[in-house]
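Participant: give me the fold of what follows.
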Amino acid sequence: MFGRGWVPGTGTVVTERELSVSSNGYGVYAGEKDEFLVDVVSDDGQVRFRGRTRFKSGPARGTMTPQIGQTYRVLIDPKKQRIQFDDSDPKLHRPTAKEGRKLEQEAFDRVAAVTPDPADMPGGVPTDEQLLTAWRALIAQEQIPVVRGQTTPADARAWTAARNGLKGNLDSLRGLRPDWQPPADEVAEADRKAAELSRSRGFSR
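Facilitator: Reported below is the predicted structural model:
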């Protein structure tokens, strides 16, 4: 794709800056172009350097914005110190409606797989593990892309119903353990992903 001189490798995003944002004729978010600072290493370990690259993402392209701290497949030009994100990396692809429904089902199944015990019953006290499982299930559901103009009304309603159910379950558990808080590092990561998704969805929930 990129011709001679390019080698495969991995790259970890150090930081990014937004260059431009585009919208469709109705003013709805369509995509953006960002610049990234990336630490790369070739698959054979012979090439290592920090460089810059640009990437276009958004619903129109079916791609997700690379996230700071995450590692992706890249193509490297050692001679000219150039980098390109590898379009074949699944982590850069925006889930389709079908894939979104699969993620929704998996989030639901994670909650259903928790073995009930007396702590789940009215008046019981939920454990830290039960609260964390319920919280993670809700976060996983909220990270399923639901984009205006791309997601069908039926899928959007299904997403909302699933989210409300998971949130209701978590609220019930936290009502019995008002002192409980999720891990700070997971909250920070969830907040970063929520910020990226809020731009791509084109509307707030």
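
Participant: which parts of this protein are strands?
Facilitator: Ranges of strands in the chain, per DSSP state E, are 7-23, 29-42, 48-57, 71-77, 82-85.

Participant: and the chain, what are its domains?
Facilitator: Domains of the chain are assigned by automatic domain parsing as 7-92, 97-201.

Participant: with mean neighbour count and mean pLDDT added, can I get those domains in JSON lines?
Facilitator: C-beta here means a position set from N, CA and C on the backbone, and glycine is covered the same way. Below are these laid out as JSON lines (neighbours: other C-beta atoms under 10 Å; pLDDT from 0 to 100):
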{"stretch": "domain 7-92", "mean neighbour count": "16", "mean pLDDT": "87"}
{"stretch": "domain 97-201", "mean neighbour count": "15", "mean pLDDT": "75"}
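
Participant: the longest helix anywhere in the chain - contacts with which helices or strands?
Facilitator: The longest helix of the chain (DSSP state H) is helix 153-176. Secondary-structure packing of helix 153-176 (3 or more C-beta pairs under 8 Å, 6 or more residues apart in numbering; DSSP states H and E): helix 97-112, helix 128-142.

Participant: would you turn those helices into CSV with distance to residue 160?
Facilitator: Shown next, in CSV, are the helices and strands packed on helix 153-176 (distance: least, C-beta to C-beta, whole Å):
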stretch, distance to residue 160
helix 97-112, 11
helix 128-142, 10
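
Participant: out of those helices, flag the one nearest residue 178.
Facilitator: helix 128-142 (11.0 Å; C-beta to C-beta).

Participant: what's in contact with the closest one?
Facilitator: Residues outside helix 128-142 that contact it (C-beta atoms under 8 Å, 6 or more residues apart in numbering): 103-104, 106-108, 110-111, 114, 119-120, 159, 162-163, 166-167, 169-170, 173-174, 177, 180, 182-183, 186, 190, 194, 205.

Participant: mind running it again at 7 Å?
Facilitator: With contacts defined as C-beta atoms under 7 Å, 6 or more residues apart in numbering, helix 128-142 is touched by 104, 107, 110-111, 114, 119-120, 162-163, 166-167, 169-170, 173-174, 177, 180, 182, 190, 194.

Participant: sweet, I'm off.
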